[in-house]
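> Here is the input, now give the coordinates:
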Amino acid sequence: MSTISSKNNYTLMFFLVIGIILIAILLINTLNLVNINSLHISETIKVVKNDQQHNDERLKLFLTLNQVSGYNGIIHNFKNYILRKDDKYYQQVLIQHSEFSQYIKKLKQFLTKQELQVLTEFKQTIDAYKENIILAKTLAKRGGTTEEIDKRIKIDDTKAGKAINQLKLMFFSDMEKGHSLTEKKFLEFNNLLYSMKDLKFLIYILCAVVVLIILYLLYLFKKSEEH
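Below is the predicted model:
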């Protein structure tokens, strides 16, 4: 009888050890899965933030570039100088062209090859305004009239206009693509969170079942000890 009881005890102890090992494995796997998913979530958030910052910086630089070159900018002040020959407009063109060149350098690092090509066409026209205002000042010093200066200076704005419109289309198209990608990433993020919740719930149930089995085995072990 004692031999049978002893065998029962060994059997119960065996199952208890197996149960404890199972709980340990489940907990370790849960922690590993949570860590992996947490890293994936962090990477997703990082990618979304970087994409957003990239698009925001591109657009900000482009709008500033457009403002510096257009109305109240280089072109506007250039035309004012031709009409009025006031040195303040000449100085404004030189200052704004320097700012324009700085913004171009910053913007280049955010552009594709195609965008760079279009930007170069735009830059060439704006550079022509700087070169021609120097010529205009020389002619004005020699007593040239507005009409005479205007005849000597020929700048084709059509390429610049086309280039700026192309860049607008490219930039806003990229922004739309960026928003679509951001939405996709957040959907992935939400799906991942839900899958983590489901996984945790399943692991908790399994752990609870194993704990109940262990408690039952302990109960049987105690009963066998009493006999």
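> Which parts of the chain are helices?
2-69, 74-84, 87-108, 113-141, 146-152, 158-226 (DSSP state H).
> Now for the nearest residue to K137 once chain neighbours are set aside: which residues touch it?
Spatially, and ignoring its direct neighbours in sequence, K137 is nearest to Y90 (5.7 Å; C-beta to C-beta, 6 or more residues apart in numbering). Using the backbone N, CA and C atoms, a C-beta is placed for each residue, glycine as well. For Y90, the contact set (C-beta atoms under 8 Å, 6 or more residues apart in numbering) comprises 81, 133, 137.
> Tell me, how many residues neighbour the closest residue to the first one other than its chain neighbours?
Leaving aside its sequence neighbours, Y81 sits nearest to Y89 (C-beta to C-beta, 6+ apart; 3.8 Å). Using other C-beta atoms under 10 Å, Y89 has 18 neighbouring residues.
> Is Y89 in contact with F78, as I believe?
Yes - using C-beta atoms under 8 Å, Y89 is in contact with F78, at 7.4 Å.
> which neighbours do the two share?
Here Y89 and F78 share no contacting residue, scored by C-beta under 8 Å, 6+ apart.
> Next one, pLDDT for H54 please.
pLDDT recorded at H54 is 77.
> mind listing what the residue nearest to it when sequence neighbours are not counted touches?
Of all residues not flanking H54 in the chain, F110 sits nearest, at 6.6 Å (C-beta to C-beta, 6+ apart). F110 makes contact with 54, 57-58, 61, according to C-beta under 8 Å, 6+ apart.
> now do 7 Å
54, 57-58 (C-beta atoms under 7 Å, 6 or more residues apart in numbering).
> ok, so what distance separates the residue lying closest to Y103 once chain neighbours are set aside from E147?
Spatial nearest neighbour of Y103, excluding adjacent residues (C-beta to C-beta, 6+ apart): L65 at 4.7 Å. Separation of L65 from E147 (C-beta to C-beta, to the nearest Å): 32 Å.
> More neighbours: which of these two?
Using other C-beta under 10 Å as the criterion, L65 and E147 rank with L65 on top: 24 against 9.
> Pull up the gap between that one and I213, please.
70 Å.
> Phi, psi for the closest residue to R58 other than its chain neighbours please.
The shortest distance from R58 to any residue other than its chain neighbours is 4.4 Å, reached at F110 (C-beta to C-beta, 6+ apart). The phi and psi values for F110, taken as degrees, to the nearest 10, are phi -100, psi 0.
> and F110, how far is that from Y103?
From F110 over to Y103 (counting by C-beta to C-beta), the distance is 11 Å.
> How about T158?
23 Å.
> Among the two, which residue is more densely surrounded?
Remark: of T158 and Y103, Y103 carries more neighbours, 18 against 8, as counted by other C-beta under 10 Å.
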